[in-house]
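*Asks:* Build me a structure from this.
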Amino acid sequence: MKSSKTPSLSDRLAASAKAKKAALERFRAQPAADDPAIVEKRAARQAAAEARQLRADERRAQALRDEEIARAAASAARESEIREREARQQRESEEQVALEAERKIARDMRYAARKARKA
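*Replies:* Okay, the predicted model is just below:
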C-alpha cells in the first residue's frame, strides 16, 4: 500500500511544471536591458567602479611619493653621516699632526738642553 505522504508521479510532474512556469514568469517580469532603470543602475555601477579605480590610483601614487621621500631622507642621512665621519677623521688627523709637532718641539728642546749642558 502506498503512503499518502509521498506524492505520485503525476503530482511530482505537475509540481515541476508549475515551478518551471513560475521561474519563466519571474524571468519575463525582469526589465529589459534598455530599460531606463537598468541603464541608470549600470551607469551608477560604472561611475562607482571608475571612482574606486581613481582612488586606488591616487593611493598608489601617494605610496610612490612617500617611498621616494623616504628614499631621499635615507640618502640625505647617509650623506650626512659620511660628511660627519670625514669631518671627524679630518679633526683626528689634524690633532695627530698637532700632537706630533708638539712631540717634535719637546724632543728638540730636550736635544737643545742636552747640547747646552755639554757646552
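
*Asks:* contacts, neighbours, all on C-alpha from now
*Replies:* Noted.

*Asks:* tally of neighbours for residue 28?
*Replies:* Residues near residue 28, counting by other Cα atoms under 10 Å, number 10.

*Asks:* cool, and residue 115?
*Replies:* Neighbour tally, residue 115, other Cα under 10 Å: 10.

*Asks:* Tell me which helix or strand it sits in.
*Replies:* helix 36-118 (DSSP states H and E).

*Asks:* any idea of the pLDDT on residue 5?
*Replies:* pLDDT recorded at residue 5 is 76.

*Asks:* looking only at pLDDT, what's the mean for the helix holding residue 115?
*Replies:* 95.

*Asks:* cool, and stretch 10-17?
*Replies:* On average, stretch 10-17 scores 93.

*Asks:* about what we covered before: which helices and strands does the helix holding residue 115 pack with?
*Replies:* Judged by 3 or more Cα pairs under 8 Å, 6 or more residues apart in numbering; DSSP states H and E, helix 36-118 has no packing partners among the helices and strands.

*Asks:* From here on, call the first residue 25.
*Replies:* Taking 25 as the first residue, the last one we looked at is helix 60-142.

*Asks:* from the chain's centre, how far out does that helix sit?
*Replies:* The chain centre lies 22 Å from the centre of helix 60-142; the measure is Cα atoms, centre = their mean, to the nearest Å.

*Asks:* what do you get for stretch 33-52?
*Replies:* Between the centre of stretch 33-52 and the centre of its chain there are 55 Å (Cα atoms, centre = their mean).
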